[in-house]
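# Sequence plus the predicted model coming up.
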Amino acid sequence: MGRFTRAELAAAFHHYSAVVDGCATSGDWGPFADLFTEDVHYIEHAYGEFHSREDVRTWIVGVMAPFPHMRFPHEWVAYDEENGAILIGIKNLLDHPTEPGAEFWFPNWTRLVYAGDGLFSSEEDVYNPHRDAGRVIGEWMSAGGQMLTKPMVDMRFY
């Protein structure tokens, strides 16, 4: 048996989701980093690994600057009580700039490891930016979407 019950993991995930939704609504991604322990290990396959809360904060604020209102609704959630982990199927989603209800999105799987006290010690995001992200963002831009700043990676390679 793991350190945390399914109910504890579900409550932590509910809080995580509420913070992410709040960041997407406000466009301020700084609070996202406060979901993690000071010594978090964050693995992001397109951008690298981060080993502190403040490194995550610096990265997330920068990476979300071009599209601060991108949303991350989940399609499914699985709780791994034995390992204190939560697995999530997420849509990285940009709303259509002119057609309400239309969406541009690509899939992402996330694994969170819960540390207790409402904080996570690890997150790993797994997706294929070369196949999915650039194509979807390109389609969104062709439909009239506009990045607010230059992206952290050269989108021509996606």
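Cool, the structure landed.

# From now on I want contacts and neighbour counts done on CA atoms only, so please keep to that.
OK.

# number of nearby residues for residue 2?
11 (other CA atoms under 10 Å).

# ok, it to residue 28 distance?
34 Å (CA to CA, to the nearest Å).

# Please point out which parts of stretch 14-29 sit buried.
Along stretch 14-29, these residues count as buried under the neighbour rule (16 or more other CA atoms under 10 Å): 16-17, 19-24, 27-29.

# Tell me which residues are up against that stretch.
With contacts defined as CA atoms under 8 Å, 6 or more residues apart in numbering, stretch 14-29 is touched by 30-32, 35, 57, 60-61, 64, 68-72, 118.

# Just the ones of those in helices?
Using DSSP state H, 57, 60-61, 64 are the members of the contacts of stretch 14-29 that sit in helices.

# Just name the shakiest helix or strand of this structure by mean pLDDT.
Every helix and strand in the chain was compared by mean pLDDT, DSSP states H and E; the lowest is helix 134-142, with a mean of 92.

# Correct me if wrong: residue 82 contacts residue 1.
Yes: the pair residue 82 / residue 1 is scored as a contact, 5.4 Å apart, by CA atoms under 8 Å.

# of those two, who's got more company?
residue 82 (12 against 8).

# Is residue 147 in contact with residue 64, as I believe?
No: counting by CA under 8 Å, residue 147 stays clear of residue 64, with 9.8 Å between them.
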